[in-house]
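1. Got a predicted structure here, sequence first:
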Amino acid sequence: MKTKQQPNNYWNFGWVLIMIVVTSVVQIPLNFMAHGTTLNRGLWAAGYLVGFAVAIALGAWIFRQVHPVHWQRLTRQDWQLMVKGYVFIIAAEIVLNVVNNVFFGETSTKNNTLIADIMGHSSLTLVMLSLTAVLASPFLEELTFRGILVGGCFPAKMFWIPVITSGVVFSLVHQSDNIISWLIYALMGGTFAYIYRKTDKLQTTIILHGFNNLIAVAVMIATLH
């Protein structure tokens, strides 16, 4: 996505805070899907999906206000950068997971453990969480932490400060319980921000984020079964 030049606007940080709250609120129905009658569980599931749809629509609207764009197709260079970014994320996760296991005795981050636990509550929560993790959360989180935060809160010529800020804020909302887990998500978010800043196309990080979540969800489901 190519952009028009926009003046820096620090008030846009307020939109980021609003979207972070919204991102947390849409997860609430997951806590009620495993209990109650079939009708009640179905209503909570429907509310969960509607909540994501509304949240993504809100994020897209805010993004267009703070960072006007017009659509541009991905190039070969964009895809190559996405592949390199994904390889870096996986390599960093492998190394840091080993360190996390050695120093903290954890084989998975607290965030992934919580997700796996929720997925194990019922078949409905497994399906709903899997769907949104792959098809909805990447849109919502990339609009928030890359599109609005990086694209709307920092000058276009500024590079490393918004990249690092995006990584830090992204990690803060992923419930890490030690510095290594925190670093895993900070590097992931920072890599997404790096790719977004390099390409100025939000679809690059949405696709990459979705693919990363797809692999993570597949591993979790395989472990549960």
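-> Yep, that arrived.
2. What segments of the chain are helices?
-> Counting by DSSP state H, the chain has helices at residues 12-25, 38-66, 76-104, 110-119, 123-135, 137-142, 149-153, 160-172, 179-199, 202-224.
3. Could I get the average pLDDT for the second one?
-> Pointing back at helix 38-66 there. For helix 38-66, mean pLDDT rounds to 96.
4. try stretch 128-145
-> 97.
5. how far away is the nearest residue to residue 144 once chain neighbours are set aside from residue 63?
-> Closest residue to residue 144 apart from its sequence neighbours, by Cβ to Cβ, 6 or more residues apart in numbering: residue 19 at 4.1 Å. Every residue, glycine included, has its C-beta placed from N, CA and C. Note on residue 19: its distance to residue 63, by Cβ to Cβ, to the nearest Å, is 9 Å.
6. Now do the shared contacts for those two.
-> 143, 148 (Cβ atoms under 8 Å, 6 or more residues apart in numbering).
7. so where's the chain shaky on pLDDT?
-> Within the chain, the stretches with pLDDT under 70 are 1-8, 225.
8. Could you tell me which residues make contact with the residue nearest the centre of it?
-> Centroid-nearest residue in the chain, with Cα atoms, centre = their mean: residue 141, separated by 3.9 Å. Neighbour list for residue 141: 23, 170, 209 [criterion: Cβ under 8 Å, 6+ apart].
9. The second one: how many residues sit nearby?
-> Which is residue 170. If you count neighbours by other Cβ atoms under 10 Å, residue 170 ends up with 24.
10. Am I right that it is in contact with residue 184?
-> No: counting by Cβ atoms under 8 Å, residue 170 stays clear of residue 184, with 10.8 Å between them.
11. which non-adjacent residue is nearest residue 208?
-> Excluding its sequence neighbours, the residue lying closest to residue 208 (Cβ to Cβ, 6+ apart) is residue 82, at 5.0 Å.
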